[in-house]
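S.K.: Sequence isn't available, so here's the structure alone:
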Ligand code: C5P
C-alpha cells in the first residue's frame, strides 16, 4: 500500500477563555473544542522527497513550502522515527483558510495519521499527540476530534461527554485573520481598559449543556474571549453576529481567532433556514451548515498506486 487518504474535520470553540500572557508568548487557556462536519482531505503518496500541493477552496492562500503545517507534521514524524522518509501530500481544502476553524492544524493532524500508516510506523495516538503539540496548539485536538476541553496552550486535552448532535451555521468571511495578531490585540485591549485577565475556568453550565444535549442552554453559554479583538480587527463581524441573533440563532460567536462566525441552531431544518436568512442578509462571503461533534481524522482510502 503506497497511498493513504485521510479526511479530517474543522473545529469551532464553544468556550475560549484566555488567561494572562505567559513568558513564552502563549496564553493559558480553557478551550472547549468541538469538531464539525466541514472536511479537508489529505492524500499521502510514497515518494523519495517531501512535497505538498494544495487544491480546492482558497488553495492559493495556503503555503506549499516548509511553512505548510502538513509538511511540518510529516517532517516531525520522520524525525521522531529517526528515518528520512519521503511523501507527496495533496491537500483538498474545504475548511476556510486562516478562518479560526483550525484548518492548517487539521491538515497537520491528517498528515500525521496518513504518514504513520504509509510508512508502517504504527505509532500510538499518545506519540502522535506529543508530536502534534510541537507543531501547533490546536493540532492535538485535531487528532482527537469529538468534543474536548484543552488547557495549557490548549494542548492538554480531556474528551467531553456529549449527548446527541448540534446543528451549526458558519458565516465565512473574505480573507483570514492571523491568530497571533488576534491574541496580541486581545492583550492590547486588556491593557487599554485596565482589565486583568482572570485565570481561565471551564463553564460548568456549558459542560452540563453538552452532557444533556441541550442546544438552547449551550447557545446561552457560548463564549470567546478573543471575540472583541477579532471584531476590532474586522469591524464587519459585529454586523454578521447581529444578523445571526436577529434571525433566531440560539447563540453566536466568532470561531477561535476568526473571522468565521458560528451560529447554533435548534435543529437541522432550523440551520437551513438560518443559513438562507444569513445569505439573504449579505453579511458573509459564503454561508454553510454543519453538525458536530464528529470523529477526528479517518482513513477513507488505502490504495496501491497504479
Ligand atoms: O500554537 P500556534 O502556532 O497555533 O499559535 C499561533 C499563535 O497564537 C502563537 O504564536 C501565539 O501568538 C498565539 N497563541 C497564544 N496562546 C495560545 C495559543 C496561541 O498566545 N494558547
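M.R.: Structure's in. What do you need? Just so it is clear, the model here is predicted, and its values are computed rather than measured.
S.K.: Only C-alpha atoms from now on, for both contacts and neighbour counts.
M.R.: OK.
S.K.: element containing residue 197?
M.R.: Element membership of residue 197, judged by DSSP states H and E, is empty: it is in no helix or strand.
S.K.: now residue 274
M.R.: According to DSSP H and E, residue 274 maps onto helix 268-281.
S.K.: Quick check: buried residues in the helix or strand following that helix?
M.R.: Scanning forward in sequence from helix 268-281 by DSSP H and E, the next helix or strand is strand 286-292. For strand 286-292, a neighbour-count test (16 or more other CA atoms under 10 Å) marks 287-292 as buried.
S.K.: between those, which is nearest residue 29?
M.R.: The closest of those to residue 29 turns out to be residue 292 (CA to CA; 21.9 Å).
S.K.: ok, now which ones touch the closest one?
M.R.: Counting by CA atoms under 8 Å, 6 or more residues apart in numbering, residue 292 touches 34-37, 146, 165-168.
S.K.: Switch those over to TSV; also include neighbour count.
M.R.: Below are the contacts of residue 292 laid out as TSV (neighbours: other CA atoms under 10 Å):
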residue	neighbour count
34	27
35	28
36	26
37	19
146	22
165	16
166	23
167	22
168	29
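S.K.: okay, now the domains of the chain?
M.R.: 3-160, 166-292 (automatic domain parsing).
S.K.: now, among the contacts of residue 292, which is nearest to residue 296?
M.R.: Among those, and counting by CA to CA, the member closest to residue 296 is residue 146, at 6.5 Å.
S.K.: Quick check: the closest one vs residue 114, distance?
M.R.: 19 Å (CA to CA, to the nearest Å).
S.K.: quick one, strands of the stretch 1-150 of the chain?
M.R.: For the stretch 1-150 of the chain, the strands defined by DSSP state E, counting those that start in this stretch cover 3-21, 27-45, 50-56, 87-93, 147-151.
S.K.: want to throw the ones you listed into TSV with distance to residue 302 and mean pLDDT?
M.R.: Shown next, in TSV, are the strands of the stretch 1-150 of the chain (distance: least, CA to CA, whole Å; pLDDT from 0 to 100):
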stretch	distance to residue 302	mean pLDDT
strand 3-21	5	97
strand 27-45	10	98
strand 50-56	19	96
strand 87-93	14	98
strand 147-151	27	98
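S.K.: so what's residue 132 up against?
M.R.: 73, 108-109, 139-140, 143.
S.K.: how near is residue 51 to the ligand?
M.R.: Noted for residue 51: a distance of 21 Å to the ligand, by CA to the nearest ligand atom, to the nearest Å.
S.K.: can I assume that residue is in contact with residue 71?
M.R.: Yes. Look at residue 51 against residue 71 with CA atoms under 8 Å: they come within range, at 7.2 Å.
S.K.: Looking at these two, which has the bigger crowd around it?
M.R.: Applying other CA atoms under 10 Å to residue 51 and residue 71 shows that residue 71 carries more neighbours, namely 23 against 20.
S.K.: quick one, what contacts the more buried one?
M.R.: 50-52, 65, 89, 108, 111.
S.K.: Return the member of those residues nearest to residue 247.
M.R.: residue 108 (35.8 Å).
S.K.: Report how many residues lie close to the residue nearest to residue 303 when sequence neighbours are not counted.
M.R.: Take residue 303 and drop its neighbours on the chain: the residue closest to it by CA to CA, 6 or more residues apart in numbering is residue 3, 5.2 Å away. When neighbours are counted by other CA under 10 Å, residue 3 registers 22.
S.K.: Which strand residues bridge residue 3?
M.R.: When bridges are called by DSSP bridges, residue 3 pairs up with residue 45, residue 303.
S.K.: which ones are touching it?
M.R.: Applying CA under 8 Å, 6+ apart to residue 3 gives the contacts 43-46, 118, 301-305.
S.K.: Indicate which one of the strands of the stretch 1-150 of the chain is closest to residue 273.
M.R.: So among the strands of the stretch 1-150 of the chain, strand 27-45 is nearest, using CA to CA, at 18.1 Å.
S.K.: how big is the angle separating the closest one from strand 286-292?
M.R.: With axes from the mean of the first three to the mean of the last three CA atoms, to 10 degrees defining the directions, strand 27-45 sits at 100 degrees from strand 286-292.
S.K.: chain center to strand 27-45, what's the gap?
M.R.: Offset of strand 27-45 from its chain centre (CA atoms, centre = their mean, to the nearest Å): 4 Å.
S.K.: got it, and stretch 288-300?
M.R.: That offset, for stretch 288-300, works out to 11 Å (CA atoms, centre = their mean).
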